[in-house]
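Engineer: Provided below for reference: sequence and predicted model.
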Protein chains: 2
Amino acid sequence: MSRKGADLALLLLGGFRQLAEDAGAELLRRGYPELRPSQEFAMRAIAGGADSASELGRRLSISKQAAAKVTSVLEERGYVARMDDAKDFRRKLLTVTPLGHEVMAQGEAIFDDLRAAWARKIGETALDRLQSDLSILIGNAAVDLDAPGMTGLEED
Amino acid sequence: MSRKGADLALLLLGGFRQLAEDAGAELLRRGYPELRPSQEFAMRAIAGGADSASELGRRLSISKQAAAKVTSVLEERGYVARMDDAKDFRRKLLTVTPLGHEVMAQGEAIFDDLRAAWARKIGETALDRLQSDLSILIGNAAVDLDAPGMTGLEED
DNA sequence: CCCAATTAGACAACCAAGTTGTCCTTGAAG
DNA sequence: CTTCAAGGACAACTTGGTTGTCTAATTGGG
């Protein structure tokens, strides 16, 4: 009955969701190109050595078909190149283009700032909630973050 | 251009994904009813005091329409009841039925076991990866979990 | 050397879980 | 009392996956 895939939603808890939305908004506001997060993450995985669609699927724990889809989009955008592999004619070799690397570097810079901002904000509400969400998954014992006064599971 | 919503995928990183899949598989294996995680989470939010669709949407950071959808499913399943609110005729009051509470208790028990299992496994691969994924979002400084020997960002 | 099994990739149909936008009704507040 | 906000329902759409099926290329055993 295929719970797979749908289970991902377990993680889309409120706190995470908010944090992700904020990050996305900030990226856009600072001129980061209109890149879907799934695309962004796939590109980073390719840069990190996932040099074929199947391998990409394996790394991201998604199907090869889904990996191929996102790869196609990245290729259209010019961030990733798909070349024939001379050694294995079944494979299409994936590489991140210079443009792709440029974009990733830009994102890196923004994320650095976001981290700094979050680090200040972190004792307040965001991480508090994130922590309580996360503990649903991996339990209180394991999730301690830095725990100055966070008990974890007290959902308002 | 509506990055909202899609940004959630930023969080669907490999490590989380794996953990969530394992959890889902285990729940199924132990006879937990066929419940979508989004449904599960919504039910818990309702039990936690989200007594209307709009309020549910607010708590989960999703639209009231999405909240209403999942509520309908929960109602069909018999886990949640929708009643007219005598005080405000616009609202439909949401409550978790005894059956719903029963299911949640069952899930609680399974999760307790999972947490114990994860606590053992935690120094190994799973949390390692989860940690590295999470640090993409909120940075290394903030994510320290309990850090016995985890450096965090070494992606294979 | 050949054949069986495996693997990469493409294509199609489908689904889950959101999103907007619009509309109606009810309640609240000047 | 009139305007505005809020709750809810319905519809059309989008994203990011999922199977299932197919072909072509590689690999490994006898």
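Structural biologist: Sure thing, it's come through.

Engineer: do you have the helices of chain A handy? List them.
Structural biologist: Along chain A, the stretches classed as helices by DSSP state H are A:14-29, A:37-47, A:53-60, A:64-77, A:98-121, A:126-142.

Engineer: for the second one, buried residues please.
Structural biologist: For helix A:37-47, the buried set under the neighbour-count rule, 16 or more other CB atoms under 10 Å in any protein chain shown, comprises A:37-47. The C-beta positions use only the backbone N, C-alpha and C, and glycine is treated the same way.

Engineer: tilt between it and helix A:53-60?
Structural biologist: If you take axes from the mean of the first three to the mean of the last three CA atoms, to 10 degrees, helix A:37-47 sits at 110 degrees to helix A:53-60.

Engineer: packing partners for helix A:37-47?
Structural biologist: Applying 3 or more CB pairs under 8 Å, 6 or more residues apart in numbering or on different chains; DSSP states H and E, we find helix A:37-47 packed against helix A:53-60, helix A:64-77, strand A:92-96, helix A:98-121.

Engineer: near DNA strand C, which residues of chain A show up?
Structural biologist: With the criterion set to CB under 7 Å from any atom of the strand, chain A comes near DNA strand C through A:6, A:9, A:12, A:52-55, A:64-65, A:68, A:82, A:88, A:90-92.

Engineer: tell me which of the residues you listed is nearest to chain B?
Structural biologist: Nearest to chain B among those: residue A:9, at 4.4 Å, using CB to the nearest CB.

Engineer: for that closest one, report the pLDDT, please.
Structural biologist: Confidence at residue A:9, expressed as pLDDT, is 37.

Engineer: now do residue A:37
Structural biologist: So residue A:37 comes in at 71 (pLDDT).

Engineer: give me every residue that touches residue A:47.
Structural biologist: The neighbourhood of residue A:47, defined by CB atoms under 8 Å, 6 or more residues apart in numbering or on different chains, consists of A:96, A:100-101, A:104.

Engineer: what does residue A:50 give?
Structural biologist: Contacts of residue A:50 (CB under 8 Å, 6+ apart): A:56, A:58-60, A:94.

Engineer: residue A:110 reaches residue A:29, doesn't it?
Structural biologist: No. Between residue A:110 and residue A:29 no contact is recorded; they are 9.4 Å apart, counting by CB atoms under 8 Å.

Engineer: between the two, who's got more neighbours?
Structural biologist: Neighbour comparison, residue A:110 and residue A:29: the larger count goes to residue A:110, with 16 against 9 (by other CB atoms under 10 Å in any protein chain shown).

Engineer: so where's chain A shaky on pLDDT?
Structural biologist: A:1-21, A:114-156 (pLDDT under 70).

Engineer: let's see 80
Structural biologist: A:1-32, A:34-38, A:108, A:110-156 (pLDDT under 80).

Engineer: for DNA strand D, what are the nearby residues on it?
Structural biologist: Near DNA strand D, when you scan chain A using CB under 7 Å from any atom of the strand, you find A:2, A:4-5, A:8, A:36-39, A:57, A:61-63, A:65-66, A:69-70, A:87-90.

Engineer: out of the residues you listed, which end up buried?
Structural biologist: A:5, A:8, A:36-39, A:57, A:61-62, A:66, A:70.

Engineer: any chance of a markdown table for the residues you listed, columns distance to residue A:22?
Structural biologist: Output for these, formatted as a markdown table (distance: CB to CB, whole Å):
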| residue | distance to residue A:22 |
| --- | --- |
| A:5 | 26 |
| A:8 | 20 |
| A:36 | 17 |
| A:37 | 13 |
| A:38 | 18 |
| A:39 | 19 |
| A:57 | 29 |
| A:61 | 25 |
| A:62 | 25 |
| A:66 | 26 |
| A:70 | 23 |
